[in-house]
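Novice: 3D, please:
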Amino acid sequence: MTLNKSGVLALLGIVLVAVAIAALVLPHTLPEISEGKVAHVLTRIFALFGFLFLGVATIITPFLTEVAKAFGRPFLRVHHVLAAVGIALITLHPVLNAIDRLSLLVFIPVFESWLGFWTFAGRPAFIIFYVALVASLLRSRVPQYWRPFHAMMYVVLLFGIVHANLLGEDLQNLGIMIILNLLFVASIASFAYKRYRNYQTKKKFEKLRQQKAAN
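Specialist: A predicted model of the protein is given here:
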């Protein structure tokens with residue numbers, strides 16, 4: 001099976017957003033690269049693109065049938081490819097930051113103040129992120145428990161976008177700020193829409209069950 005028109009447009013949309021982010025970031029990072037701050041620049045770039053791919057992987061979750069038809073592949077395969085890229089980039093973000101700073105403190109959440117917690121919310125987000133990831137890997141073994149844990153990915157996105165807005169250097173750029181915040185809003189809208197579709201489906205089946213019982 002191959003991509004249809006919808007799949008091509010979807011991939012093109014992802015590429016265009018990625019190109020837009022790169023175009024907005026690179027002019028500001030080239031001077032830093034020339035100064036030898038390569039690790040610092042890559043840390044920021046990994047965060048931006050990691051959030052992009054995780055956001056897209058989340059946004060498509062209500063559209064299982066549509067995504068499968070558009071890409072000519074099972075939904076989970078498409079979802080997992082996007083998520084895998086996002087996972088790799090988001091993991092590299094704090095790891096490279098720790099190497100750049102020669103400190104493991106970048107992994108430890110801050111609880112000293114409300115503002116401090118949210119400014120460095122990427123730290124607890126990273127922990128929650130891997131809890132959600134492990135839950136997805138245990139899907140077949142604990143099917144009755146994995147969903148609530150995997151749904152914590154939305155908490156990860158919330159913590160990540162707040163952290164980015166408060167501390168992210170690149171979100172000082174209006175274009176990048178708009179793109180990442182729109183991705184987060186779209187993820188939350190996708191979550192709400194998925195719950196709405198599930199509710200409508202359950203309501204439909206319940207109505208059919210009642211009609212059969214009455215007959």
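Novice: Could you use CA atoms for every contact and neighbour count after this?
Specialist: OK.
Novice: ranges for the helices of this structure?
Specialist: 5-34, 38-59, 64-71, 75-101, 114-119, 122-137, 146-150, 153-167, 174-214 (DSSP state H).
Novice: you'd agree I87 is up against A57?
Specialist: No - applying CA atoms under 8 Å, one finds I87 not in contact with A57, separated by 10.6 Å.
Novice: residues contacting M152?
Specialist: I128, F129, A132 (CA atoms under 8 Å, 6 or more residues apart in numbering).
Novice: Could you double-check that the first one lies in contact with L157?
Specialist: Read it as I128. No - using CA under 8 Å, I128 is not in contact with L157; the gap is 10.2 Å.
Novice: These two: which is more packed in?
Specialist: Between I128 and L157, L157 has the larger neighbour count (other CA atoms under 10 Å), namely 23 against 20.
Novice: I'd like the distance between that one and F51.
Specialist: 8 Å (CA to CA, to the nearest Å).
Novice: what's the answer for L171, then?
Specialist: 13 Å.
Novice: Those two: which is more packed in?
Specialist: Shown here are L171 and F51; by other CA under 10 Å, F51 has more neighbours (25 against 20).
Novice: For the nearest residue to that one once chain neighbours are set aside, give me its contacts.
Specialist: Spatially, and ignoring its direct neighbours in sequence, F51 is nearest to G86 (6.6 Å; CA to CA, 6 or more residues apart in numbering). Contacts for G86 (CA under 8 Å, 6+ apart) come out as F49, G50, F51, L52, F53, L54.
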